[in-house]
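Novice: any chance you could fold what I've pasted below:
(chains A and B)
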Amino acid sequence: MAAGAGAAHLPRAAGPCPPGVRQNPRPGRARLQRAHPRLLLARPLPRRYRPLPLYAPLPRGPQQVHLSLRPQGMLSARGPPCRPHHPRPRRRRGPPYRPVCLHRPDRPLHQDHGGLRPNASTLVSLLPLLAQHGALFQGTSIHAYCLRACLEQNEEQVLIGTALLDMYAKCKQLVYACRVFHGMPVRNDVTWSALIGGFVLCDRMTEAFNLFKDMLVEGLCFLSATSVASALRVCASLADLHMGTQLHALIAKSGIHADLTASNSLLSMYAKAGLINEATMFFDEIAVKDTISYGALLSGCVQNGKAEEAFLVFKKMQACNMEPDIATMVSLIPACSHLAALQHGKCSHGSVIIRGLALETSICNSLIDMYAKCGKIDLSRQVFDKMPARDVVSWNTMIAGYGIHGLGKEATTLFLGMKNQGFAPDDVTFICLIAACSHSGLVTEGKHWFDTMTHKYGILPRMEHYICMVDLLARGGLLDEAYQFIQSMPLKADVRVWGALLGACRIHKNIDLGKQVSRIIQKLGPEGTGNFVLLSNIFSAAGRFDEAAEVRIIQKVKGFKKSPGYSWIEINGSLHAFVGGDQSHPCSRDIYHELDNIMVDIKKLGYQADTSFVLQDLEEEEKEKALLYHSEKLAIAFGVLSLNEDKTIFVTKNLRVCGDCHTAIKYMTLVRNRTIIVRDTNRFHHFKNGQCSCGNFW
DNA sequence: TTAGGGTTAG
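Specialist: Residues are numbered from 1 along each chain as shown, chains lettered A, B, ... in the order given. Next up, the predicted model:
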């Protein structure tokens, strides 16, 4: 098959033929290659990349084409009509178009402008701009102009073809990008990179990697730092470290490892895979680092729960006089959220204000999330209200913030405001909204929003939506309905869905259903320890310690380790962490003394230890002792000692807050006249005047 | 003409 055969698009022919080669009929691939051994000839794409035709072949020959600017600022091509296979969209009524010249936008094209026309260079400069803004309509107009103006000079064909391909890819029109690619008789490394990058952009990772492999088959000369960067991104996204290391070897062999783009991509791949030590070593080996090198390591640390390491990277960056940009700060701010480190978060906020980045949408989104997760939902709302431009992430983050604070009504109101302001909710919006209803016990509302999502917005529920729904129903006490809901799901329920039901079995102490669900989970293969722990806790809470111990033995045999529970508190910008019965803190004696006093006082008010939360078979007295020094109680006692009465005590726990502690903390607010906020893995508990904001529903 | 680090949910 001749190179580019079947192409009806811009790179219709290779332009002026190389000497000795006839243009028509098209020369055979082998003949052309013999005549010009250095010419890189494209092969037809494999069938899987071949798209449907967009336009029928156009008549050849120079055509008069005008590019016009619509009143709304949209470019349009005028000239001999295209012959599309499908009807063209109808023009909107409105004032007549004002034709303009592309390279002289101040002068209309129909006026005399010295015979100047946009040439290949003009268009190649313009197309990336359109791609950047996702201006598909204008890009298509340029494509039409290229066809009509016969911009087919051989050396320009690759440039224009690649720029068009990239424009379509950035506009997520892969069918058309492939069409252009397929029609190009000559391609270069940039062409391949642009198409692979397009597949990555559209999250079609496997196809992107297949394309990368096809590129290598086509010729190693196409291998570049750019295409490797996209391929490494695929490996990171698919968590395919094996493929990533193979690519690393390929990079080293091909000699592009010295390229900073390639190095940063490798660094990012290792960091995202959680190999922070390896990533750090790799980072240290990069001779001349840029902001992206620091950003890649920093975000890798945050994404893998190593927030403290992220701060160290940021410190290093500052020590090297490297100015953090938007992406750096957007990566750093969530580190404060993870640690619930409000002081650090406020410092980061100040830092973005000083740098003039405080009103950037992505920065504001991070700040909304940070303040919400640091217990300051009112500050989240302030940031949200002051944003000059919001996107769907801003709304989702604010709704999620209300959700974790148990403010389901506020979340619903905000969602209605979102609709009124013309923002289209996405699938994540409904996850946030249903989860917010779930945290507030708004079962009917949650069901309504699930139906609205599917019927009104046509959003197909994902597994995450089903998890939220099961959580909503089961947590609300509708265990049987939740079970029926799982049975009726069109998707096969995974461990997380059943895990949500099992969690509710623990809350509502339904042992029979818990055992049944647990058997299902074990057949599916439990992920991590959570489900074993839940089942064991269900047995323990019912006093069936033998069976609880049995589950723990199975857990041990299967090699799962339970993560230890711990709590931490930020005092004057320093974080203090405690595990249960911890005596390692320098102020340990004072902390224990204060906690003992508090316990005496709250017992006077009627507090009684709920020993059902002790998960081992101990004597009653020992059980009370085990509860007494839970990590959250120790952290609160340290907060009472360290903070003035008017200050809120804010404690974070890596697990769900213990039920006995939940009761004790309510009493603590009374005997020490304090406001206490506890953030656990699920939500916030605002304790004040003997009450908790969760209404005992968590 | 291409590319490397970024925010939300579960």
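Novice: ok, now which ones touch the closest residue to DNA strand B within the stretch 201-350 of chain A?
Specialist: Residue nearest to DNA strand B within the stretch 201-350 of chain A: A:Gly295 (2.5 Å; C-beta to the nearest atom of the strand). Yep, even glycine has a C-beta here, placed from its N, CA and C like the rest. Shown in contact with A:Gly295 (C-beta atoms under 8 Å, 6 or more residues apart in numbering): A:Asp325, A:Ala327, A:Thr328, A:Ser331.
Novice: repeat that for 10 Å
Specialist: Contacts for A:Gly295 (C-beta atoms under 10 Å, 6 or more residues apart in numbering) come out as A:264, A:267-268, A:313-314, A:317, A:322, A:324-332.
Novice: keep only these that also lie close to DNA strand B.
Specialist: The subset of those within reach of DNA strand B, by C-beta under 7 Å from any atom of the strand, is A:Asn264, A:Ser268, A:Pro324, A:Asp325, A:Ile326, A:Ala327, A:Thr328, A:Val330, A:Ser331.
Novice: mind checking which of those are in helices?
Specialist: A:Asn264, A:Ser268, A:Ile326, A:Ala327, A:Thr328, A:Val330, A:Ser331 (DSSP state H).
Novice: now pLDDT and neighbour count too, for the residues you listed, in CSV please.
Specialist: Listed next are these as CSV, based on pLDDT from 0 to 100; neighbours: other C-beta atoms under 10 Å:
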residue, pLDDT, neighbour count
A:Asn264, 93, 25
A:Ser268, 93, 23
A:Ile326, 95, 16
A:Ala327, 95, 16
A:Thr328, 95, 21
A:Val330, 96, 22
A:Ser331, 95, 24
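Novice: and for the helix or strand hosting A:Ile486, what's in contact with it?
Specialist: Per DSSP states H and E, A:Ile486 falls inside helix A:479-487. Outside helix A:479-487, the residues within contact range by C-beta under 10 Å, 6+ apart are A:443, A:447, A:450, A:466, A:469-476, A:478, A:492-493, A:497-498, A:500-501, A:504-505, A:507-508, A:510, A:513-514, A:516-517, A:520.
Novice: those residues in helices, which ones?
Specialist: Per DSSP H, the contacts of helix A:479-487 map to helices at A:443, A:447, A:450, A:466, A:469-475, A:497-498, A:500-501, A:504-505, A:507, A:513-514, A:516-517, A:520.
Novice: buried subset of these?
Specialist: A:443, A:447, A:450, A:466, A:469-475, A:497-498, A:500-501, A:504-505, A:507, A:513-514, A:516-517 (16 or more other C-beta atoms under 10 Å).
Novice: what's the neighbour count on A:Arg496?
Specialist: Neighbourhood size, A:Arg496 [other C-beta atoms under 10 Å]: 18.
Novice: that one against A:Arg462, yeah?
Specialist: No. With contact defined as C-beta atoms under 10 Å, A:Arg496 does not reach A:Arg462; the gap is 11.4 Å.
Novice: find residues that contact each of those two.
Specialist: With C-beta under 10 Å, 6+ apart, A:Arg496 and A:Arg462 have no common neighbours.
Novice: now A:Gly606: how far from A:Val657?
Specialist: Distance of A:Gly606 to A:Val657, given as C-beta to C-beta, to the nearest Å: 20 Å.
Novice: same deal with A:Gln157?
Specialist: As judged by C-beta to C-beta, A:Gln157 and A:Val657 stand 65 Å apart.
Novice: strands along the stretch 101-250 of chain A, start to end?
Specialist: Counting by DSSP state E, counting those that start in this stretch, one finds no strands in the stretch 101-250 of chain A.
Novice: quick one: low-confidence ranges for it?
Specialist: Confidence mapping of the stretch 101-250 of chain A against pLDDT under 70 gives the ranges A:101-115, A:152-155.
Novice: the same query, at a cut-off of 90, please.
Specialist: Residues of the stretch 101-250 of chain A meeting the criterion pLDDT under 90: A:101-125, A:132-135, A:144-158, A:183-186, A:218-222, A:237-241.
Novice: name the residues of it found near DNA strand B, please.
Specialist: A:124-125, A:127-128, A:131, A:158-159, A:162-163, A:166, A:170, A:188-191, A:193-194, A:197, A:200, A:224-227, A:229-230, A:233, A:236.
Novice: higher neighbour count, A:Gly606 and A:Val657?
Specialist: A direct count of neighbours by other C-beta under 10 Å for A:Gly606 and A:Val657 places A:Val657 higher, at 24 against 7.
Novice: follow-up on the earlier one: of the buried ones among the ones in helices among the contacts of helix A:479-487, which ones also sit close to DNA strand B?
Specialist: Restricting those to those near DNA strand B - C-beta under 7 Å from any atom of the strand - leaves A:Asp471, A:Ala500.
Novice: C-alpha coordinates for the host helix or strand of A:Ile598, PDB please?
Specialist: Here A:Ile598 is covered by helix A:588-604, with elements defined by DSSP H and E. The C-alpha coordinates for helix A:588-604 follow below in PDB (Å, rounded to 0.1, in the frame of the first residue of the first chain):
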ATOM      1  CA  SER A 588       4.000  12.500  79.200                       C
ATOM      2  CA  ARG A 589       3.800  12.800  83.000                       C
ATOM      3  CA  ASP A 590       1.800  16.000  82.900                       C
ATOM      4  CA  ILE A 591      -0.400  14.700  80.100                       C
ATOM      5  CA  TYR A 592      -1.300  11.500  82.100                       C
ATOM      6  CA  HIS A 593      -1.900  13.600  85.200                       C
ATOM      7  CA  GLU A 594      -4.300  15.900  83.400                       C
ATOM      8  CA  LEU A 595      -6.100  13.100  81.700                       C
ATOM      9  CA  ASP A 596      -6.600  11.300  85.000                       C
ATOM     10  CA  ASN A 597      -8.100  14.500  86.500                       C
ATOM     11  CA  ILE A 598     -10.400  15.000  83.500                       C
ATOM     12  CA  MET A 599     -11.600  11.400  83.800                       C
ATOM     13  CA  VAL A 600     -12.400  11.900  87.500                       C
ATOM     14  CA  ASP A 601     -14.400  15.100  86.700                       C
ATOM     15  CA  ILE A 602     -16.400  13.500  83.800                       C
ATOM     16  CA  LYS A 603     -17.300  10.500  85.900                       C
ATOM     17  CA  LYS A 604     -18.800  12.900  88.400                       C
END
